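no FASTA, just this:
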């Protein structure tokens, strides 16, 4: 029960076991384009892309296609992945304005607003895996867009577990990955744009061949035989499509509500056993529950003795424990099994 990569549903494992299929041809092109439309609808996006690579590759693609070197971007310091976002932006030649904040609280939107003046964009994490805190990206995006800023969101730990609405929230670019809340195997980055973000990406022409998403858009629009400029891992795409299909068949609101109730069950059970969860209740993420305090390392050890893997912490909470509710183990039976294991091994 780690925060990713997730355990796969049997149907998804079945896709991986099939003979390799070609990444071109009319059948593949129709399937692939239809799947991208479903991903875009899931995120309330104008358009979506799948890139072979990690979520970090997706973040680089989004930043390259929304900003130019020398522009200034504001990045709240939310934890390990907030710091990584700042590192990526710096590596791509942006001027990064890091906003320090309390690690144990969601971003203070009023405080953030004071740092937006004179900037070109805001890059922020939706759910910070370090802390298990869900940050108020809708309110943050609205403040930023009111000032004319571009908004890029790291949603690697939120897509599929939180409701994400790019166009409704005013988010220019949103990035996730296949192996967490979307329930697929690792290997694909998901990059999505709202209308303004898509227009900006079409004009961007970044200094990269691979991450020039205008190239990817042209391939999809103009090549009915091969709708992407590189070889795609077709088995991974098909497995992810199976998982996303279950989400869309349920409906994203109902799916996320189930995740919300499951996370509440986990937090309540941990509290009853004397463990201290880190995130405040009103900002606790659905996908990741972080346990801090003196009992965190013991929790990891107890779970391991019962045959359950729980992740350790990330800097600056390296002594914490991180429990993931993703994929095939995100259900009440597995949560109950974990709580029973922790209780029995006291």
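Noted; the coordinates are in hand. These figures come from a predicted structure and were not determined experimentally. Residues are numbered from 1 along each chain as shown.

ok, now which ones touch the residue nearest the centre of the chain?
Most central in the chain under CA atoms, centre = their mean is residue 156, positioned 1.5 Å from the mean C-alpha point. Contact analysis of residue 156 by CB atoms under 8 Å, 6 or more residues apart in numbering lists 55, 58, 81, 129, 175-177, 180. Glycine gets a C-beta too; all of them are placed from N, C-alpha and C.

nearest to residue 289, of those residues?
residue 129 (10.9 Å; CB to CB).

Nearest residue to that closest one in space, please, no chain neighbours.
Setting aside the residues directly before and after it, residue 129 is nearest to residue 157 in space (CB to CB, 6 or more residues apart in numbering), at 4.9 Å.

Can you report how many residues lie near the one you found?
30 (other CB atoms under 10 Å).

now the one 4 residues further on
Residue crowding around residue 161 was assessed by other CB under 10 Å; the count is 31.

about what we covered before: greatest separation within the contacts of residue 156: which pair is it?
Checking the contacts of residue 156 against each other with CB to CB, the farthest-apart pair comes out as 58 and 129, at 15.3 Å.

all helices for the stretch 51-200 of the chain, in order.
55-66, 80-91, 109-113, 137-146, 166-169, 195-204 (DSSP state H, counting those that start in this stretch).

would you turn these into a markdown table with mean neighbour count and distance to residue 213?
Putting these into a markdown table (neighbours: other CB atoms under 10 Å; distance: least, CB to CB, whole Å) gives the following:
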| stretch | mean neighbour count | distance to residue 213 |
| --- | --- | --- |
| helix 55-66 | 25 | 5 |
| helix 80-91 | 19 | 16 |
| helix 109-113 | 15 | 27 |
| helix 137-146 | 20 | 20 |
| helix 166-169 | 18 | 15 |
| helix 195-204 | 18 | 5 |
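
May I see those arranged in a markdown table, with mean pLDDT and distance to residue 283 as well?
Below are these laid out as a markdown table (pLDDT from 0 to 100; distance: least, CB to CB, whole Å):
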| stretch | mean pLDDT | distance to residue 283 |
| --- | --- | --- |
| helix 55-66 | 98 | 21 |
| helix 80-91 | 98 | 15 |
| helix 109-113 | 97 | 12 |
| helix 137-146 | 97 | 12 |
| helix 166-169 | 97 | 17 |
| helix 195-204 | 97 | 26 |
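
mind checking which of those helices is nearest residue 18?
Once the helices of the stretch 51-200 of the chain are compared by CB to CB, helix 55-66 is nearest, at 25.3 Å.

Isn't residue 22 up against residue 28?
Yes: because the distance of 6.3 Å satisfies CB atoms under 8 Å, residue 22 is recorded as touching residue 28.

which residues do those two both contact?
By CB under 8 Å, 6+ apart, the residues touching both residue 22 and residue 28 are residue 234.

Tell me which of those two has more neighbours.
Higher neighbour count among residue 22 and residue 28: residue 28, with 20 against 11, using other CB under 10 Å.

gap between the two ends of stretch 218-234?
Its start and end residues considered, stretch 218-234 measures 20 Å (CA to CA, to the nearest Å).

Quick one: mean pLDDT for that stretch?
For stretch 218-234, the mean per-residue pLDDT is 95.

Give the buried residues for that stretch.
When neighbours are counted by 16 or more other CB atoms under 10 Å, the buried residues of stretch 218-234 are found to be 220, 226-228, 232-234.

Turn the helices of the stretch 51-200 of the chain into JSON lines, columns for distance to residue 272.
Supplementary listing: the helices of the stretch 51-200 of the chain in JSON lines, determined by distance: least, CB to CB, whole Å:
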{"stretch": "helix 55-66", "distance to residue 272": "34"}
{"stretch": "helix 80-91", "distance to residue 272": "29"}
{"stretch": "helix 109-113", "distance to residue 272": "33"}
{"stretch": "helix 137-146", "distance to residue 272": "31"}
{"stretch": "helix 166-169", "distance to residue 272": "35"}
{"stretch": "helix 195-204", "distance to residue 272": "44"}
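
So which of those is nearest residue 330?
Go through these one by one with CB to CB and the one that ends up closest to residue 330 is helix 55-66, at 18.5 Å.

quick one: contacts of that closest one?
Residues outside helix 55-66 that contact it (CB under 8 Å, 6+ apart) are 49, 51, 73, 84-85, 88-89, 92, 94, 121, 123, 150, 152, 154, 156, 172-177, 189-191, 197, 200-201, 204, 206-208, 211-214.

Where does pLDDT dip in the stretch 1-150 of the chain?
Screening the stretch 1-150 of the chain residue by residue with the criterion pLDDT under 70, one finds no matching range.

quick one on the thing from earlier: what pLDDT does the residue nearest to the centre of the chain get?
At residue 156, the pLDDT value in this model is 98.

now it, nearest residue through space, not along the chain?
Computed as CB to CB, 6+ apart, the closest residue to residue 156 that is not its neighbour in sequence is residue 55, at 3.9 Å.

Over to residue 330?
Of all residues not flanking residue 330 in the chain, residue 262 sits nearest, at 6.3 Å (CB to CB, 6+ apart).

What is the nearest of the contacts of residue 156 to residue 322?
Using CB to CB, residue 129 is the member of those that sits closest to residue 322, with 6.7 Å.

distance of the closest one from residue 317?
Counting by CB to CB, to the nearest Å, the gap from residue 129 to residue 317 is 10 Å.
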